[in-house]
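**Q** show me how the following folds:
(4 chains)
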There are 2 protein chains.
Amino acid sequence: MSTAHFKHDLFNEFARVAKAMSNGYRLELLEFLAQGERSVDALAQASGLTLANTSQHLQQLKQAGLVGNRKEGHKVYYRLSGMDVSSLLGSIRDVAERYLADVDRLVDDYLKVKDSLEPIPASELLERAREGLVTVLDVRPVEEYVSGHLPGAINIPLQELEMHLDELDPDREVVAYCRGPHCVLAFDAVFKLRERGMTARRLEGGLPEWKLEGLPVES
Amino acid sequence: MSTAHFKHDLFNEFARVAKAMSNGYRLELLEFLAQGERSVDALAQASGLTLANTSQHLQQLKQAGLVGNRKEGHKVYYRLSGMDVSSLLGSIRDVAERYLADVDRLVDDYLKVKDSLEPIPASELLERAREGLVTVLDVRPVEEYVSGHLPGAINIPLQELEMHLDELDPDREVVAYCRGPHCVLAFDAVFKLRERGMTARRLEGGLPEWKLEGLPVES
DNA sequence: CAATTATTCTAGAAATCTATTGAATAATAG
DNA sequence: CTATTATTCAATAGATTTCTAGAATAATTG
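**A** All right, here's what the predicted structure looks like:
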């Protein structure tokens, strides 16, 4: 095999990985999977895709080596091949955020209050949690909480937040988190809590970013 | 705008970045650009694509925010938007190398001697260069060397290596480098030098990786 | 064993991507 | 001003992707 040929083949292989990630729905699926293992059915529901379509997208991700699966009973559970896939997703996010004006515009438009919601870094949360000063609030759906969450975090899915406000100590600051840096759940939660007069901030990044920093996870 | 809509749009923006990188030729162009600024013409020659085709690929990269360009005289020079694009390319490479069996197979097939060519890490090269123990050899084409190279490196493009062997001190170890971790130029150079009885190793990664570690570049 | 559930497979239409070709534009040189 | 050089634009054919819908498979339940 010639050098040019080798190089060409190699770059085509790299392109396969990028191609697998070149579709918005597949990136959403990867973000869901970054929260933990999920069945095809659950992923279809979460993404709003049809079952057959979800299955096909997952198979593309699998062929590119980004996810793996296992069969248990008559369900198939998919999972990320490794946390470096999550990290790759983060790199794409960062590059997009830095160089695509549309991303900035979108984030600004939707999260107008962005500046007033200055996020708290993982390191700071760790410290304040150690001192017992904060309530760590996971606002993702129950299934995602169950398959892994921040140590000591309590789970109140966003939709149920208003009904369970009494579970939160009104005198402690709340730090909310969800799936990732652009996940709106934590934004909305902080907004609602502040409306109720509580002190609330959101964590910078979500569970996947927390894991990538090598911080402990409870489940 | 609804939450679901926002999320969907956002992930589609991220997908644009991945889509721009989902083609082998475009990844090759990005690797060339990671060596330094280049004209469309030069990139067409290096990649083997036609001029029009090269121009179109570059425009796709530009629309995804990955590259920028400037006009000087009647030439247009393209450049990476930032080193984080180079870093993203590296992440894709890593994921592909780790999870795609085909990549391993390709690298093993072509670079059979891989194991005997254990690369020297940047940190070690720095140390040994400081002690004056090694000749740092850049085997990329002259243009790439000119637009930036390792401090103190001498340039002998691979094709001319045999003719210029006398420029190398036979008693000093040679460390060769080129464009990146899978660039064959340095592999071939090390092979040739060893055939001539010289002590030679290749640097782990190429110039872009060196820059990403924040190490100094000369030009 | 029949019915049910979860997933995958197959086929096809519409949309998108890629490479090629030749024409158009823009800057410079003569 | 004309010719030349470097790049982009526009049109097109062929290949690939994406989504849908219904059939097929595989494991479990009754």
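**Q** quick one: pLDDT of residue A:133?
**A** Per-residue confidence (pLDDT) for residue A:133: 87.
**Q** again, but for residue A:3
**A** Looking at residue A:3, the pLDDT reads 74.
**Q** so which residues on chain A come close to DNA strand C?
**A** A:39-41, A:44, A:51-52, A:55-56, A:58-59, A:69, A:74-77 (C-beta under 7 Å from any atom of the strand). Quick note: C-beta positions are derived from backbone N, CA and C, even for glycine.
**Q** now with 6 Å?
**A** A:39, A:40, A:41, A:51, A:52, A:55, A:58, A:59, A:69, A:74, A:75, A:76 (C-beta under 6 Å from any atom of the strand).
**Q** looking at the first one now. What's its pLDDT?
**A** Think residue A:39. In this prediction residue A:39 is given a pLDDT of 96.
**Q** who's in contact with residue A:119?
**A** Shown in contact with residue A:119 (C-beta atoms under 8 Å, 6 or more residues apart in numbering or on different chains): A:201, A:202, A:203, A:204, A:205.
**Q** so which of those are in strands?
**A** Judged by DSSP state E, strands contain the following of the contacts of residue A:119: A:201, A:202.
**Q** and the furthest pair within the contacts of residue A:119?
**A** A:201 and A:205 (13.0 Å; C-beta to C-beta).
**Q** re earlier: and the buried ones among the contacts of residue A:119, selectable in PyMOL?
**A** A single PyMOL command is used to select the members of those judged buried by 16 or more other C-beta atoms under 10 Å in any protein chain shown:
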select buried, chain A and resi 201+202+203+204+205
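**Q** same list, the contacts of residue A:119, but as CSV with distance to DNA strand D please.
**A** Listed next are those as CSV, based on distance: C-beta to the nearest atom of the strand, whole Å:
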residue, distance to DNA strand D
A:201, 35
A:202, 30
A:203, 31
A:204, 31
A:205, 27
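**Q** tell me which of the contacts of residue A:119 is nearest to DNA strand C?
**A** residue A:205 (28.4 Å; C-beta to the nearest atom of the strand).
**Q** grab the nearest non-local neighbour of the most centrally placed residue in chain A.
**A** Centrality entry for chain A: nearest residue to the mean C-alpha point is residue A:179, 2.7 Å, by C-alpha atoms, centre = their mean. Among residues not flanking residue A:179 along the chain, residue A:206 sits closest, at 4.4 Å (C-beta to C-beta, 6 or more residues apart in numbering or on different chains).
**Q** ok, how many other residues are close to residue A:161?
**A** By the criterion of other C-beta atoms under 10 Å in any protein chain shown, residue A:161 has 20 neighbours.
**Q** distance check, it against residue A:53.
**A** 31 Å (C-beta to C-beta, to the nearest Å).
**Q** list the buried residues in the helix or strand of chain A with the lowest mean pLDDT.
**A** Every helix and strand in chain A was compared by mean pLDDT, DSSP states H and E; the lowest is helix A:101-110, with a mean of 85. The neighbour-count criterion (16+ other C-beta under 10 Å) identifies A:103, A:106, A:107, A:110 as the buried residues of helix A:101-110.
**Q** shouldn't residue A:68 be within a strand?
**A** Yes: looking at residue A:68 with DSSP: H, G, I helix; E, B strand; the rest coil, it is inside a strand.
**Q** quick one: pLDDT of it?
**A** Residue A:68 is given a pLDDT of 96.
**Q** can you tell me how far it is from DNA strand C?
**A** 11 Å (C-beta to the nearest atom of the strand, to the nearest Å).
**Q** same thing with residue A:163?
**A** In terms of C-beta to the nearest atom of the strand, residue A:163 sits 27 Å off from DNA strand C.
**Q** ok, now which ones touch residue A:190?
**A** Contacts of residue A:190 by C-beta under 8 Å, 6+ apart are A:117, A:174, A:176, A:200, A:201, A:202.
**Q** now with 7 Å?
**A** Residue A:190 makes contact with A:117, A:176, A:200, A:201, A:202, according to C-beta atoms under 7 Å, 6 or more residues apart in numbering or on different chains.
**Q** widest-spaced pair of those residues?
**A** Longest span within these, C-beta to C-beta: A:117 and A:176, 10.1 Å.
**Q** between those two, who's got more neighbours?
**A** Neighbour count, other C-beta under 10 Å: between residue A:117 and residue A:176, residue A:176 has more, with 27 against 16.
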